[in-house]
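K.L.:
Generate a structure from the sequence data that follows.
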Amino acid sequence: MWTCRPATPDDAGFMARLHAANLRRAWGLPEGLADPALDSLIAQQHQWRETAYAAAHGRAGCQLIVRTSDGQPLGRCWVAAGETLHLVDLAVLPGEQGQGVGRWALGELQAQAQARGLDLTLEADPQQAAHALYLRCGFVPDGPTQPAEAAGTDQRLRWHCPARAAHDLTGEPT
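P.N.:
Numbers count the residues shown, from 1 in each chain. Model (predicted):
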């Protein structure tokens with residue numbers, strides 16, 4: 001159904017289009033609206049975001065492209081490895097959302113985390129639909145619950161690696 005592979009420089013155009021499509025949707029803009037000033041702003045925002053992710057995660061970060069079985073890109077994951085495997089960003093083309101691509105990608109990342117004996121972490125806005133997906137996929141709040149006045153800010157979530165949890169309980173590797 002879907003596959004995942006490391007991103008290459010050839011994926012830069014797709015990732016810029018993916019970012020633009022999702023940002024336009026978030027802003028409530030119609031598809032295909034031609035506005036050079038807006039397009040420039042979106043491109044600058046995308047470049048800033050990619051630079052910020054790379055600066056924050058350096059060599060520990062990598063991008064994965066989610067594709068259809070015939071190789072068409074549908075989304076991307078930005079992941080960083082450290083004490084946990086950390087999902088920095090997960091994005092799916094608007095026309096492909098709601099079809100299980102994000103859930104599948106999370107399952108793949110959970111399998112990678114488990115193979116490394118790491119928990120999987122991420123930050124998500126509790127007001128966004130993706131937050132509910134993360135909870136359905138076994139993520140739990142990591143740390144104190146944010147007060148109501150902090151609505152709209154990201155909450156750290158953690159998926160606990162079963163192998164790591166067993167190690168933590170016994171003190172012995174599993």
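
K.L.:
wait, what's in contact with Leu120?
P.N.:
Leu120 sits next to Thr84, Leu85, His86, Leu87, Leu109, Gln110, Ala113, Phe139, Arg158, Trp159, Cys161 when contact means Cβ atoms under 8 Å, 6 or more residues apart in numbering. Yep, even glycine has a C-beta here, placed from its N, CA and C like the rest.

K.L.:
Let's see which of those end up in strands.
P.N.:
Counted as lying in strands by DSSP state E, out of these, are Leu85, His86, Leu87, Arg158, Trp159.

K.L.:
count of neighbours near the last one?
P.N.:
What it means is Trp159. Trp159 is surrounded by 24 other residues when neighbours are defined as other Cβ atoms under 10 Å.

K.L.:
mind listing what it touches?
P.N.:
For Trp159, the contacting residues are Gln110, Ala113, Asp119, Leu120, Thr121, Cys137, Gly138, Phe139, Val140, by Cβ under 8 Å, 6+ apart.

K.L.:
Look up the pLDDT of the second one for me, please.
P.N.:
So that's Ala113. Among the per-residue scores, Ala113 shows a pLDDT of 95.

K.L.:
who touches Ser69 in this structure?
P.N.:
The neighbourhood of Ser69, defined by Cβ under 8 Å, 6+ apart, consists of Met1, Trp2, Thr3.

K.L.:
Just the buried residues out of the residues you listed, in PyMOL syntax.
P.N.:
Selecting in PyMOL just the buried members of these, where the criterion is 16 or more other Cβ atoms under 10 Å, is done with this command:
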select buried, resi 2
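
K.L.:
now, which of the contacts of Ser69 sits nearest Gly95?
P.N.:
Of all the contacts of Ser69, the one with the least separation from Gly95 (Cβ to Cβ) is Trp2, at 14.7 Å.

K.L.:
on that earlier part again, need the ones in strands among the contacts of Leu120 in a markdown table with pLDDT and distance to Thr51, can you?
P.N.:
A markdown table is the format used below for these (pLDDT from 0 to 100; distance: Cβ to Cβ, whole Å):
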| residue | pLDDT | distance to Thr51 |
| --- | --- | --- |
| Leu85 | 95 | 22 |
| His86 | 95 | 18 |
| Leu87 | 96 | 19 |
| Arg158 | 96 | 27 |
| Trp159 | 97 | 28 |
